[in-house]
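>>> Quick one: sequence plus predicted model below, questions after.
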Amino acid sequence: MKYVIVSGGVISGIGKGVIASSTGLLFKTRGFKVSAIKIDPYMNIDAGTMSPLEHGEVFVLDDGGEVDLDLGNYERYLNVTLTRENNITTGKIYSHVIERERKGDYLGKTVQVVPHITDAIQDWIERVSKIPVDNSGEEPDICIVELGGTVGDIESAPFVEALRQFQFRVGLENFALIHVSLIPVVNGEQKTKPTQVAVRDLRGLGLSADIVACRCTHKLERATTDKISMFCHVGPDQVIVVHDLSSIYHVPLLLDEQGIVQQLSKKLKLESLTVSSSDVERGATLWNDWRHLTGIHDRMFDSVSIALVGKYTHLKDSYISVIKSLEHSALRCHVKLTINWVEASDLEADASETNRVNFHKAWHQVCSADGILIPGGFGSRGTEGMISAAKWARENKVPYLGICLGLQIAVIEYSRNVLGLKGAHSEELSSEPPENPIVVFMPEVSKTHLGGTMRLGLRPTLFQENTEWSKIRKLYGGVDQVHERHRHRYEINPKYVPDLEKAGLSFVGKDDKGERMEIIELKEHPWFVGTQYHPEYLSRVLDPSKPYLGFVAASAGLLDKIIDGSGYISGEN
């Protein structure tokens, strides 16, 4: 097993996840099997209870694990299926060690950070790195391990020490480190001092960078590269620049041009690994498909505008998988994507009294968009604005996609304005018990413990009888059932379903017991679809999520072509 560690210096949030994913993708294009692990040094057991406005999106895996959004990057780039164990947190490690201590596994010993915590970290990495993550069922050849945060943070110290020990545990020829650092530009001059200090601190902790990946707005000047090489103890060809690009999907091409795989191959002696001819062929096909798809990005002329009506729009990372799913679909449809960010509360009537400018701007963005998307979320803020946006999409035949909360919003709106149910609302979103509770709390879900207690993970959705007309079913290939990932506590109240269906709202997909409403669709509408599940979690760069693909295609006027297979596939007719 070969390990590639990706650490960060100077500041966090400079793209370690994309660089880690891109490096893993390049290994896959050479035929290697690749896994990935993300280390998050916070004390939370997982990301499930964190605010999207503080930490960004919570990504959900097949096994129901609520994890860091970077695991979404790994799955999208590498086309692998990870588990909750691929996300290590301080909380998980300490809980594991304390549980062992209580059982008496360390009987007679004083339990300490070194060696017990650091050993637990190493054991975890070594065990999880060998778990198969693709359809082959075979052990991976290479594991990418991303260390979250910034080297030097006090909470990262046990993990840095564990990795220092780990390089000797697995052998130096099986351990490589990419250190990602910021190169700020001040008065037109590229400054290397922050990177010098970051690499010096890293070496002081016992780790040496094999690659220094420099994040900068522009390409590095030769003098900048030479200075980094001289003071960071690496050769000039070990200094890789990741400058700003028109699309993050170009990052693998940029890294490949600079020979990152060749550099890591020398350190890791990858020639010693046996790769089958079929794996090499699949890797070459993957690389050709990736280059072709990303190559058309800058040659697209037609555009599509999507109004994303949400409640966490001030931090775009709150919707990172939604954004990526829209991007994947736009690439497949060969159209340029424009996202209009609409804060749902700005659409409400009260907003016009406090800030008329925001109110009119928000409504202009909704009314002028080619499609309207309402993603998942929690809490009552912005609810009435979302309902108004769903009503506009329904009445004006504008393509609409509702995800999780977005499905519930669409059903509430339909109940009020078509079925005529007074006081139709959700038990979650209403301050008082609603007169007509259209959305109710799922009975088996805990109301006292919030962490990991939602309906989570991969679950089946069965298409109902007489739904052959369904556009979303056709996009799924006309299958009888699909498996998608879930994350919710509330559901559509089954007792209202018959009346809603009589009024024209079709529940085309339900769970395997027929009790939970999974997909809604309006038959006489260009595209009005809602899913209780989160299809964005399974979207891939080369294989877009079907609900998002249908939505973007309908918004761009290409739905019929996409459904019958004559639409753009990787930019070709």
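Perfect, thanks for sending it. Residues are numbered from 1 along each chain as shown.
>>> what residues go with each domain of the protein?
Domain assignment for the chain by automatic domain parsing gives 2-292, 301-564.
>>> Let me have those in JSON lines, adding mean neighbour count and mean pLDDT as columns.
Heads up, the C-betas are built off the backbone N, CA and C, glycines and all. What follows is the domains of the chain, written out as JSON lines (neighbours: other Cβ atoms under 10 Å; pLDDT from 0 to 100):
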{"stretch": "domain 2-292", "mean neighbour count": "18", "mean pLDDT": "93"}
{"stretch": "domain 301-564", "mean neighbour count": "20", "mean pLDDT": "92"}
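>>> Where do the strands of the stretch 51-200 of the chain begin and end?
Secondary structure of the stretch 51-200 of the chain (DSSP state E, counting those that start in this stretch): strands at 59-60, 66-67, 87-89, 142-147, 175-182, 185-186, 189-190.
>>> Check the secondary structure at Leu373 for me.
Going by DSSP: H, G, I helix; E, B strand; the rest coil, the secondary structure assigned to Leu373 is strand.
>>> next one: Ile320
Put simply, Ile320 is helix when judged by three-state DSSP.
>>> is it true that it touches Leu69?
Yes. In this structure, Ile320 is within contact of Leu69 by Cβ atoms under 8 Å, at 5.2 Å.
>>> The helix or strand hosting Phe359: how far from the chain's middle?
According to DSSP states H and E, Phe359 maps onto helix 356-368. Chain-centre distance of helix 356-368: 28 Å, with Cα atoms, centre = their mean, to the nearest Å.
>>> same check, this time on stretch 65-73
On Cα atoms, centre = their mean, the centre of stretch 65-73 falls 6 Å from the chain's centre.
>>> still on that earlier bit, give me the residues contacting the helix holding Phe359.
For helix 356-368, contacts defined as Cβ atoms under 8 Å, 6 or more residues apart in numbering pick out 305, 307, 309, 340-343, 346-347, 351-352, 372, 385, 389, 392.
>>> how about a cut-off of 10 Å?
With Cβ atoms under 10 Å, 6 or more residues apart in numbering as the test, helix 356-368 has contacts from 305, 307-309, 339-353, 355, 372, 385, 388-389, 392-393, 396, 398.
>>> In strands, which of those fall?
305, 307-309, 339-343, 372 (DSSP state E).
>>> Once you drop chain neighbours, what's closest to Ala349?
Distances taken as Cβ to Cβ, 6 or more residues apart in numbering place Glu384 nearest to Ala349, at 7.8 Å, with adjacent residues excluded.
>>> circling back to that earlier point, and Val212, which of the strands of the stretch 51-200 of the chain is closest to it?
Set against Val212 and scored by Cβ to Cβ, the strands of the stretch 51-200 of the chain come closest in strand 175-182, at 5.5 Å.
>>> looking at it, the residue nearest to Ala349 is touching Val309, isn't it?
No. Counting by Cβ atoms under 10 Å, Glu384 stays clear of Val309, with 11.6 Å between them.
>>> what do the two both touch?
344, 347, 409.
>>> so which of those residues comes closest to Met230?
Ala344 (52.6 Å).
>>> do you know how far the residue nearest to the closest one when sequence neighbours are not counted is from Ser431?
Sequence neighbours aside, Gly382 is the residue nearest to Ala344 in space, at 2.9 Å (criterion: Cβ to Cβ, 6+ apart). As defined by Cβ to Cβ, to the nearest Å, Gly382 lies at a distance of 14 Å from Ser431.
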